[in-house]
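Asks: what shape does this take:
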Amino acid sequence: MRARILVLPLLLSLAACQGAAVKPDYDVSHDFAGDQTWQWAEPRVEFRPQDDPRVSSELTAARIEQAVADQLDARGLRPVLAGNSPDLKVRSYVLVENRQENVSTSFGGYWGTGWGGFWGGPAIQTYPVDYRELTLQIDLLDGDTGRLLWRGSESERLSERALTPSKRDEQVSRLVNKILSSYPPY
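Replies: Numbering: from 1, shown residues only. Okay, the predicted model is just below:
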């Protein structure tokens, strides 16, 4: 009994460490098991806003293209042979948005008699913090009609510090892997 009581907090803390699973949106009438080939839709990678050179670059696009190709290959999808029609077309988006969160700090303490007594109680200060959020979205489209069949996305806070090329590779691979881990949707 004691062991169960001790294990429960451990399990709850491990569950809290798990990131939220990607929840894709998809066409439930489409048979994803029949899809075997893919090719890029143009533009392959679209950046929004397009004018931010810290995110929008040929290097970033190449990282995304390679990571997506690797993950689709791992799921049994192969690039379409020249002259054939693909089952799926792939397009990705890199979205950067300005966000704001409120951060609260408390200081002071319990002094004197009663809460907030003669010497004052704790004070709470709340202030806004601006940050940028990066969202990577991957769309899988019908190869013939271009109709959206599956969409997955993942977001994370952009670091204020410049990342090294190897850290950028890791970031893109991690995001693409998380997104495509829920494909196919069954």
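
Asks: where exactly do the helices run in this protein?
Replies: Secondary structure of the chain (DSSP state H): helices at 2-17, 58-74, 165-180.

Asks: lowest-confidence stretch among the ones you listed?
Replies: Note on the helices of the chain: helix 2-17 shows the lowest mean pLDDT, a mean of 40.

Asks: okay, and for this protein, where does confidence drop off?
Replies: 1-21, 107-122 (pLDDT under 70).

Asks: report the contact partners of the residue nearest the centre of the chain.
Replies: Ranked by distance to the mean C-alpha position of the chain (Cα atoms, centre = their mean), the top residue is residue 154 at 1.7 Å. By Cβ atoms under 8 Å, 6 or more residues apart in numbering, the contact set of residue 154 is 22, 135, 136, 175, 178, 179. In this view, the C-beta of every residue, glycine as well, is placed from N, C-alpha and C.

Asks: buried subset of these?
Replies: Burial by neighbour count, judged by 16 or more other Cβ atoms under 10 Å, picks out 22, 136, 175, 178, 179 from the contacts of residue 154.

Asks: that older thread, nearest to residue 81 among the contacts of residue 154?
Replies: residue 179 (25.9 Å; Cβ to Cβ).

Asks: can you tell me the closest non-neighbouring residue to that closest one?
Replies: In space, and not counting its chain neighbours, residue 179 is closest to residue 152: 4.2 Å by Cβ to Cβ, 6 or more residues apart in numbering.

Asks: what does residue 144 give?
Replies: Looking at residue 144 with Cβ to Cβ, 6+ apart, the closest residue is residue 85, at 6.5 Å.

Asks: burial measure for that neighbour, as a count.
Replies: By other Cβ atoms under 10 Å, 10 other residues sit near residue 85.

Asks: turn the buried ones among the contacts of residue 154 into a markdown table, including distance to residue 37.
Replies: Shown next, in a markdown table, are those (distance: Cβ to Cβ, whole Å):
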| residue | distance to residue 37 |
| --- | --- |
| 22 | 23 |
| 136 | 23 |
| 175 | 24 |
| 178 | 24 |
| 179 | 20 |
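
Asks: please identify which pair of the residues you listed lies farthest apart.
Replies: Most distant of the buried ones among the contacts of residue 154, by Cβ to Cβ, are 22 and 136, 10.5 Å apart.

Asks: re the thing from before, between the contacts of residue 154, which is nearest residue 144?
Replies: Distances from residue 144 to the contacts of residue 154, taken by Cβ to Cβ, are shortest for residue 179, at 23.8 Å.
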